[in-house]
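Peer 1: Provided below are the primary sequence and the corresponding predicted coordinates.
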Amino acid sequence: MFRDVSSCSTYNYGDALYWDARYVQEAGSFDWYQRYSALRPFVRKYIPTSSRVLMVGCGNALMSEDMVKDGYEDIMNIDISSVAIDMMRRKYEDIPQLKYMKMDVRDMSLFPDESFNSIIDKGTLDSLMCGTEAPVSATQMLGEVSRLLKPGGIYMLITYGDPKVRMVHLNRPGYCWKIELYIIPRPGFEKPGSYSSSMKSHLEPIPISDSGLLPADFVFEDPDSHFIYVCKKRTNESDLSNVPNCRISADIL
Ligand SMILES: C[S@@+](CC[C@H](N)C(=O)[O-])C[C@H]1O[C@@H](n2cnc3c(N)ncnc32)[C@H](O)[C@@H]1O
């Protein structure tokens, strides 16, 4: 269940050919980091079942299938790997709520602006961060994510990247997202006894500074925790005007 893309130097996770070769070998299904059952409280809190959802870098994960079983009505899944997309399209041909398209998250120009209420990313920005020209790829991807979200829409990023390394990308002035952070342990992580009574619920957001600093007294329950960034696209000019350093301009996207 738990695999991490932090070993970037070992595998080229940013390369489409790598993923095609991998999905040829692994024909079943696999969910990186977390299953839907663990993510459900966050998904249900922020994403209504009637939302038009975009799952970026879906791979062969069960996440979208599990969401449909939980009532989600419209999930567009994209991946750069044609092997994964062909496999998933065949598997779910009788499930009209699930659609699959081969697409690069850095160029989703086939979709018009503000096409989706919600975009879910489990491990895909992480993969790009392992590729060549990672900062450029991250900026291209997040610019597209911002463009495709409706005002008030949610980009939910599930990642191994802590705020020090992710906030610098998420907080670029062009997006102006309102960001909440949750931190959850790896599946199967066993708490040392001393934590059980003192730890706060994982369902409470953790305050973060714009530069990605966690509260000074924050203690990681699991040193290899996963991070859930809930990024909300602001709704209108007055919403934006309250935010210092928030500039919406095409040239900085
Ligand atoms: C770490 S896997 C995560 C798969 C799935 N989201 C999950 O949770 O199990 C990353 C996925 O991103 C896809 N990917 C990598 N670069 C991509 C890109 N530029 N555009 C679209 N998908 C990409 C890979 O093919 C792979 O399926």
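Peer 2: All right, it came through fine.
Peer 1: Do a quick rundown of the helices in the stretch 1-150 of the chain.
Peer 2: With helices called from DSSP state H, counting those that start in this stretch, the stretch 1-150 of the chain shows them at 16-25, 36-46, 63-69, 82-91, 124-128, 134-148.
Peer 1: Can you say which of those is packed in most?
Peer 2: helix 124-128 (a mean of 26; mean count of other CB atoms under 10 Å). C-betas here are computed from N, CA, C, even on glycine.
Peer 1: Who are the packing partners of that one?
Peer 2: Helices and strands touching helix 124-128, by 3 or more CB pairs under 8 Å, 6 or more residues apart in numbering; DSSP states H and E, are helix 134-148, strand 149-159.
Peer 1: May I see the ones you listed arranged in CSV, with mean pLDDT and distance to the ligand as well?
Peer 2: CSV is the format used below for these (pLDDT from 0 to 100; distance: least, CB to the nearest ligand atom, whole Å):
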stretch, mean pLDDT, distance to the ligand
helix 134-148, 96, 7
strand 149-159, 97, 7
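Peer 1: And these: which comes nearest D70?
Peer 2: Taking CB to CB, strand 149-159 is the member of the helices and strands packed on helix 124-128 nearest to D70, at 14.9 Å.
Peer 1: wait, R40 sits on G71?
Peer 2: No. Contact criterion CB atoms under 8 Å: R40 and G71 do not qualify, at 10.9 Å.
Peer 1: Quick check: residues of the stretch 51-200 of the chain near the ligand?
Peer 2: Listed as neighbours of the ligand in the stretch 51-200 of the chain under the rule CB under 6 Å from any ligand atom: 57-59, 61, 63, 79-81, 84, 104-106, 122-124, 127-128.
Peer 1: Can you show me the strands along the stretch 101-250 of the chain?
Peer 2: Applying DSSP state E, counting those that start in this stretch to the stretch 101-250 of the chain gives strands spanning 116-122, 149-159, 178-184, 226-232.
Peer 1: Give me the sheet partners of the first one and which way each runs.
Peer 2: Strand 116-122 sits in its sheet next to strand 52-56 (parallel), strand 149-159 (parallel), going by DSSP bridges.
Peer 1: can I get those strands in CSV with mean neighbour count and distance to S29?
Peer 2: Formatted as CSV, the strands paired with strand 116-122 follow (neighbours: other CB atoms under 10 Å; distance: least, CB to CB, whole Å):
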stretch, mean neighbour count, distance to S29
strand 52-56, 24, 14
strand 149-159, 21, 17
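Peer 1: would CSV of those strands with distance to L203 be doable?
Peer 2: As requested, the strands paired with strand 116-122 are exported to CSV (distance: least, CB to CB, whole Å):
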stretch, distance to L203
strand 52-56, 21
strand 149-159, 14
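Peer 1: Output the helices of the stretch 1-150 of the chain in TSV, with distance to V165 appended to each entry.
Peer 2: Shown next, in TSV, are the helices of the stretch 1-150 of the chain (distance: least, CB to CB, whole Å):
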stretch	distance to V165
helix 16-25	22
helix 36-46	21
helix 63-69	23
helix 82-91	26
helix 124-128	10
helix 134-148	10
